[in-house]
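In: The sequence isn't on hand, but the structure is:
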């Protein structure tokens, strides 16, 4: 599969299926691993980096991942293609922006991705639509075992898996859930949620991970601690707390529908109207309006649009996706016009783009 | 014709025809007249007011106005009906809100209206769509002559027509032109126009006359002086200056289209989108958005809507019209919802309401 084949596809986290998918976009687990025979990347020169990349590429291409996979040499990709993979959550911003030999292996369904020479030699990621950390863990644990049959990980009996950054030492695991919380944001209640999460050592980040701003009312909740607790316990802490946030968001949505139905309907309807009519629109405004529309579909205020289509629009209107769809590079003003044109086309009544 | 028969009708100033009707909504002349045999209204008791009303009603009903006319006893109209007539420009806010015997006589086409016991015993008004002060003058002069054959006006050889307020003494004429100036407002250039008009003693008012706020980028330009100059000279001063304002607005529109086409298109298109999708909308926001849409139709950015329809929407979305159309009284929140519903219905694609 070529990178360009991905463009029209939907990918795992846009499927909009799975448990609680009105609020939980996706569940994700990643493991940080390093090969014992090589130094960490911050002490590896170019030739060592290349050797790591060659070694891991060979293993990844032979690994049983339950279906076809692609391996992309990220160091030879254009900036636009790298940005495209970031927007699709197949690689991190760090892998996109670093230098030297590096790559990514991912499955056709886009729910498994393995990054080579990101911060660690290997980052394994498994993602599922909806609230489904168990499937993620089952799958990633199996991949990790299969790899361990082939390579020797840097591992200490005392500390666990050794990683480039001390914050990942131990299990090397990050468990995260991407939530859509428009009602909690609208009412300001989201602050309380974040304060409570902080107290139990869970981190809150924006759509594209560490350091990114929250857009479209999307928030990633993940563990901060990787040492001293088993993977199962860390997953359990997320599995315990997320249902409470889901319940809270649902409660606030119900209260809004009950007490502010007219205002809420107006806000949602205007958002939909603007997305269908703007001639120029920024990525940020698009995300914010789509967020209202997504809640509107879930609450039944909008009935000619499906959640997978809305999910897809979130991604297709990102800068790199837009340029890949248009098959050309565009400056910011042209992107805003192209984005508005794409949205009008997809959302024009009768909803032409809404085949799903 | 009953008052309720007016509701679905368009009336003269909404026709959207006539010279320069992209910018000039309507031209209007009114004459202030008093009957010599009665005191001015500020010195008339209830019985005198009633006698004036009876006298003028009889004459007006017999007057040749070139077609059928109606006479309404304003003192017996509900507040909502009076407000409705104000919104249609058939009576003034003053006539609506004052007390005692008073009435209005108007023709079926709504271009002639004669108010009895407003500030003066009689106010004659002739209105034409577009820039056409000559037709107004020709028609109002004839009506004035016909009336003078029947009654004796309060008149002084030295001063001219005598009126309740000294500002109207002399000719008793007010010549006004209602302009739609969205581009001048958008660019802030409108201030320069107003300063220039002030210097030549022309007044600038909002849509509903003296003391009303400018809404929807509508401005009424009219003479302030009525004494010492002939009617023809006063009309001439408007006829000289208005074409310059029209030219200025057109020039600024062209510059916007040339230099800010994308932004302008976006603004117009979003306004149209909001009008088609809002679930609750105030009168003020409606006017502002319709103003953008009206310019959009004139500039060819919107091609599925006609100017008469847009003109009509300006009036039909006013509070009293909305309630007459819904055949019920509504509080402010319900009006905002009803207004949004009406706009969605009239503007929903394919433009169902756009038969003209």
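Out: Arrived safely. Fair warning: this is a prediction, and the values are worked out from it, not measured in the lab.
In: Show the secondary-structure elements that the longest helix along chain A is packed against.
Out: As assigned by DSSP state H, the longest helix anywhere in chain A is helix A:231-259. Helix A:231-259 sits against strand A:24-33, helix A:133-148, strand A:173-180, helix A:182-187, helix A:190-199, strand A:202-205, strand A:218-223, with contacts defined as 3 or more CB pairs under 8 Å, 6 or more residues apart in numbering or on different chains; DSSP states H and E. Where C-beta positions appear, they are placed from N, C-alpha and C, glycine not excepted.
In: Now the second one: buried residues?
Out: Read it as helix A:133-148. A:133, A:135, A:136, A:137, A:139, A:140, A:141, A:143, A:144, A:147 (16 or more other CB atoms under 10 Å in any protein chain shown).
In: From residue B:169, how far off is the fourth one?
Out: When distance is defined by CB to CB, to the nearest Å, residue A:137 is 92 Å away from residue B:169.
In: what residue ranges in the stretch 251-356 of chain A score low on pLDDT?
Out: Low-confidence segments of the stretch 251-356 of chain A (pLDDT under 70): A:349-356.
In: Look up the closest residue to the closest residue to chain B within the stretch 51-200 of chain A, ignoring the ones flanking it.
Out: For the stretch 51-200 of chain A, the residue closest to chain B is residue A:186, as judged by CB to the nearest CB, at 16.0 Å. Leaving aside its chain neighbours, residue A:186 sits nearest to residue A:256 (7.2 Å; criterion: CB to CB, 6 or more residues apart in numbering or on different chains).
In: Okay, strands next: where are they in chain A?
Out: All strands of chain A, identified by DSSP state E, fall at A:24-33, A:69-73, A:103-107, A:112-116, A:122-129, A:155-156, A:160-161, A:173-180, A:202-205, A:218-223.
In: So which bits of chain A are right by chain B?
Out: Contact residues (CB under 8 Å from any CB of the partner chain) of chain A with chain B: A:262-263, A:265-266, A:269-270, A:272-274, A:276-280, A:333, A:337, A:340, A:349.
In: which residue is nearest the centroid of chain A?
Out: The residue lying closest to the centre of chain A (CA atoms, centre = their mean) is residue A:89, at 4.4 Å.
In: The residue nearest to that one when sequence neighbours are not counted: how many residues sit nearby?
Out: Excluding the flanking residues, the one nearest residue A:89 by CB to CB, 6+ apart is residue A:13, at 6.1 Å. Using other CB atoms under 10 Å in any protein chain shown, residue A:13 has 22 neighbouring residues.
In: Please look at residue A:13 and residue A:127 and confirm they touch.
Out: Yes - using CB atoms under 8 Å, residue A:13 is in contact with residue A:127, at 5.5 Å.
In: list residues touching both of the two?
Out: Residues within reach of residue A:13 and of residue A:127 at once, by CB atoms under 8 Å, 6 or more residues apart in numbering or on different chains, are A:26, A:28, A:89, A:110, A:111.
In: how about the last one, what does it touch?
Out: What that stands for is residue A:111. Contacts for residue A:111 (CB under 8 Å, 6+ apart) come out as A:12, A:13, A:126, A:127, A:128, A:139.
In: Could you find which two of those are furthest from each other?
Out: A:13 and A:139 (14.3 Å; CB to CB).
In: which residues touch stretch A:56-67?
Out: Against stretch A:56-67 from outside (CB under 8 Å, 6+ apart): A:35, A:69, A:71, A:103, A:105, A:107-109, A:112, A:114, A:116, A:121-122, A:143, A:146-147, A:150-151.
In: try 10 Å this time
Out: A:33, A:35, A:38, A:69-71, A:73, A:101-109, A:111-112, A:114-117, A:121-122, A:124, A:139, A:142-143, A:146-147, A:149-151 (CB atoms under 10 Å, 6 or more residues apart in numbering or on different chains).
In: the domain parsing of chain A - what is it?
Out: With domains defined by automatic domain parsing, chain A comprises A:3-229, A:249-354.
In: could I get those as TSV with distance to residue B:195?
Out: Putting these into TSV (distance: least, CB to CB, whole Å) gives the following:
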stretch	distance to residue B:195
domain A:3-229	45
domain A:249-354	34
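In: which stretch among those domains comes nearest residue B:206?
Out: domain A:249-354 (26.6 Å).
In: next one: the closest one to chain centre, how far?
Out: 19 Å (CA atoms, centre = their mean, to the nearest Å).
In: do stretch A:91-108 as well
Out: Relative to the centre of its chain, stretch A:91-108 is centred 14 Å away, using CA atoms, centre = their mean.
In: What residues of that stretch count as buried?
Out: Buried positions in stretch A:91-108, judged by neighbour count with 16+ other CB under 10 Å: A:91-93, A:95-96, A:98, A:100-108.
In: Run through the residues that contact the residue lying closest to residue A:329 once chain neighbours are set aside.
Out: Among residues not flanking residue A:329 along the chain, residue A:323 sits closest, at 5.6 Å (CB to CB, 6+ apart). Residues in contact with residue A:323 (CB under 10 Å, 6+ apart) are A:80, A:81, A:83, A:84, A:329, A:330, A:334, A:335, A:338.
In: ok, the first one to residue B:169 distance?
Out: Here the criterion is CB to CB. By it, residue A:80 lies 76 Å from residue B:169.
In: tell me the contacts of the nearest residue to residue A:97 once chain neighbours are set aside?
Out: Leaving aside its sequence neighbours, residue A:97 sits nearest to residue A:82 (CB to CB, 6+ apart; 7.9 Å). Contact analysis of residue A:82 by CB under 10 Å, 6+ apart lists A:3, A:72, A:74, A:75, A:91, A:93, A:95, A:96, A:97, A:104, A:320.
In: one step back: and the contacts of residue A:323 as a markdown table, adding neighbour count and distance to residue B:310?
Out: Listed next are these as a markdown table, based on neighbours: other CB atoms under 10 Å in any protein chain shown; distance: CB to CB, whole Å:
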| residue | neighbour count | distance to residue B:310 |
| --- | --- | --- |
| A:80 | 15 | 43 |
| A:81 | 19 | 47 |
| A:83 | 21 | 43 |
| A:84 | 26 | 43 |
| A:329 | 13 | 40 |
| A:330 | 16 | 34 |
| A:334 | 16 | 31 |
| A:335 | 22 | 32 |
| A:338 | 20 | 30 |
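In: Would you mind reformatting these (as JSON lines) and adding columns for distance to residue B:179 while you're at it?
Out: Shown next, in JSON lines, are those (distance: CB to CB, whole Å):
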{"residue": "A:80", "distance to residue B:179": "50"}
{"residue": "A:81", "distance to residue B:179": "54"}
{"residue": "A:83", "distance to residue B:179": "50"}
{"residue": "A:84", "distance to residue B:179": "51"}
{"residue": "A:329", "distance to residue B:179": "45"}
{"residue": "A:330", "distance to residue B:179": "40"}
{"residue": "A:334", "distance to residue B:179": "36"}
{"residue": "A:335", "distance to residue B:179": "38"}
{"residue": "A:338", "distance to residue B:179": "37"}
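In: Considering those, which is situated nearest to residue A:156?
Out: Of all the contacts of residue A:323, residue A:156 sits closest to residue A:83, with 36.7 Å by CB to CB.
In: these two touch, right, that closest one and residue A:92?
Out: No - using CB atoms under 10 Å, residue A:83 is not in contact with residue A:92; the gap is 11.9 Å.
In: Correct me if wrong: residue A:316 contacts residue A:14.
Out: Yes - with contact defined as CB under 10 Å, residue A:316 reaches residue A:14; the gap is 9.3 Å.
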